[in-house]
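Asker: Any chance you could fold what I've pasted below:
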Amino acid sequence: MSMPLRVPRALVRFLAPPLFLVVAVFLLGTGMALAQAHPRGLSIVKTCPLLPVASAAAYSCSYTLTNLDTLHGVNDLQVVAGAFPGVLTFPADAVDCLQPFTPAGPNGPPVPTSGLSLGPAGSPTQSCGNNLPDTAPFNCGTSNINVADQVSATGSDAGGNLGPVSGLSTNSVEVTPLNCDDNNACTADTCDPATGCVNTPINCITPTVTPTNTPTPTNTPTTTAPPDVPTLSFPMLALLGLILAGAGLFLARR
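Answerer: Below is the predicted model of the structure:
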């Protein structure tokens with residue numbers, strides 16, 4: 001019959017604190033690893049007009065921002081938007097993030113920019129958004145140009161020291177060329193990218209149209225030709241003379 005193994009109490013008292021410490025550190029590390037592994041960050045969906053807009057025309061884009069973190073909200077949310085022609089040209093303008101938001105409205109108030117701004121993913125307060133009215137630039141070229149617009153957002157994870165969260169979205173709008181021809185031959189037509197069309201008067205000679213003189217009809221007297229008189233040939237005149245002479249001699253003898 002074997003004897004049960006007995007651990008001296010002194011040894012248990014000696015090993016218990018370090019063992020508990022190791023287990024606690026392991027559980028804490030596992031919890032932090034799981035917390036770091038869950039989805040985090042911000043998703044931004046930005047929508048702009050699909051059809052080209054005219055130079056200097058007003059248009060509007062919209063954005064919707066969503067928290068992807070299923071465990072924590074987002075604190076101190078800041079959203080900025082700015083237009084740039086193909087490259088980043090900041091500083092951009094800070095914009096409100098309305099909650100709730102739909103592009104057609106009605107929309108709620110802006111979310112706080114200090115303290116809790118968004119709730120966890122799946123909650124009614126997980127997202128916000130806004131419309132972004134803008135004006136197209138003057139396109140002095142001969143073909144359409146693309147004007148890019150960017151929205152970015154930053155905040156901090158409300159779950160503790162898990163670092164900042166951010167999101168970014170870029171979209172573009174097609175702008176048609178500006179037609180500066182004013183159909184005036186006495187102006188020089190140019191396009192300034194900053195101010196648009198410039199129609200500068202120039203010295204020019206307006207061609208004068210000389211009316212064509214139509215001759216005035218004159219009254220031409222009408223001459224009526226005399227009736228045709230029959231003409232006698234020489235033989236007939238000689239014969240007539242002989243007849244008259246003969247008649248004269250005959251009358252003289254009587």
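Asker: On the three-state scheme, the nearest residue to residue 77 once chain neighbours are set aside is what?
Answerer: Distances taken as Cβ to Cβ, 6 or more residues apart in numbering put residue 117 closest to residue 77, at 3.5 Å, once the chain neighbours are dropped. (C-beta placed from N, C-alpha, C; glycine too.) Assigned by DSSP: H, G, I helix; E, B strand; the rest coil, the conformation of residue 117 is strand.
Asker: residue contacts, residue 117?
Answerer: Residue 117 sits next to 73, 74, 75, 76, 77, 97, 111, 128, 155 when contact means Cβ atoms under 8 Å, 6 or more residues apart in numbering.
Asker: just checking, residue 46 touches residue 148?
Answerer: No: using Cβ atoms under 8 Å, residue 46 makes no contact with residue 148, being 10.6 Å away.
Asker: hey, what's in contact with both of the two?
Answerer: By Cβ under 8 Å, 6+ apart, residue 46 and residue 148 have these common neighbours: 170, 171.
Asker: what sits against the closest residue to residue 101 other than its chain neighbours?
Answerer: Spatial nearest neighbour of residue 101, excluding adjacent residues (Cβ to Cβ, 6+ apart): residue 129 at 3.7 Å. Contacts for residue 129 (Cβ under 8 Å, 6+ apart) come out as 62, 63, 64, 65, 97, 98, 101, 103.
Asker: Tell me what residue 129 is bridged to.
Answerer: Residue 129 has these beta-bridge partners by DSSP bridges: residue 64, residue 98.
Asker: gap between it and residue 184?
Answerer: Counting by Cβ to Cβ, to the nearest Å, the separation of residue 129 from residue 184 is 47 Å.
Asker: any weak-confidence spans in the stretch 151-254 of the chain?
Answerer: Residues of the stretch 151-254 of the chain meeting the criterion pLDDT under 70: 161-162, 206-238, 249-250, 252-254.
Asker: now the helices for it?
Answerer: For the stretch 151-254 of the chain, the helices defined by DSSP state H, counting those that start in this stretch cover 234-253.
Asker: Report how many residues lie close to residue 127.
Answerer: When neighbours are defined as other Cβ atoms under 10 Å, residue 127 has 22 of them.
Asker: That one touches residue 67, doesn't it?
Answerer: Yes: if you go by Cβ under 8 Å, residue 127 and residue 67 touch, sitting 7.0 Å apart.
Asker: any residues in contact with both of those two?
Answerer: Shared contacts of residue 127 and residue 67, defined by Cβ under 8 Å, 6+ apart, comprise residue 118.
Asker: quick one, helices of the stretch 1-150 of the chain?
Answerer: For the stretch 1-150 of the chain, the helices defined by DSSP H, counting those that start in this stretch occupy 9-37.
Asker: quick one: low-confidence ranges for it?
Answerer: Looking at the stretch 1-150 of the chain by pLDDT under 70, you get 1-38, 83-92.
Asker: hey, where'd the strands end up in it?
Answerer: Secondary structure of the stretch 1-150 of the chain by DSSP state E, counting those that start in this stretch: the strands cover 42-47, 58-67, 74-84, 93-94, 116-118, 127-135, 145-157.
Asker: Out of those strands, which one sits most buried?
Answerer: Burial of the strands of the stretch 1-150 of the chain is given as mean neighbour count (mean count of other Cβ atoms under 10 Å); strand 116-118 ranks first at a mean of 23.
Asker: State the distance from the nearest residue to residue 46 once chain neighbours are set aside to residue 177.
Answerer: Once flanking residues are discounted, residue 46 sits nearest to residue 169: 4.1 Å by Cβ to Cβ, 6+ apart. Taking Cβ to Cβ as the measure, residue 169 falls 28 Å from residue 177.
Asker: wait, doesn't residue 131 sit right on residue 58?
Answerer: No: the criterion here is Cβ under 8 Å, and residue 131 misses it with residue 58 at 12.0 Å.
Asker: Next, count neighbours for residue 179.
Answerer: Residue 179 sits with 11 neighbouring residues when counted by other Cβ under 10 Å.
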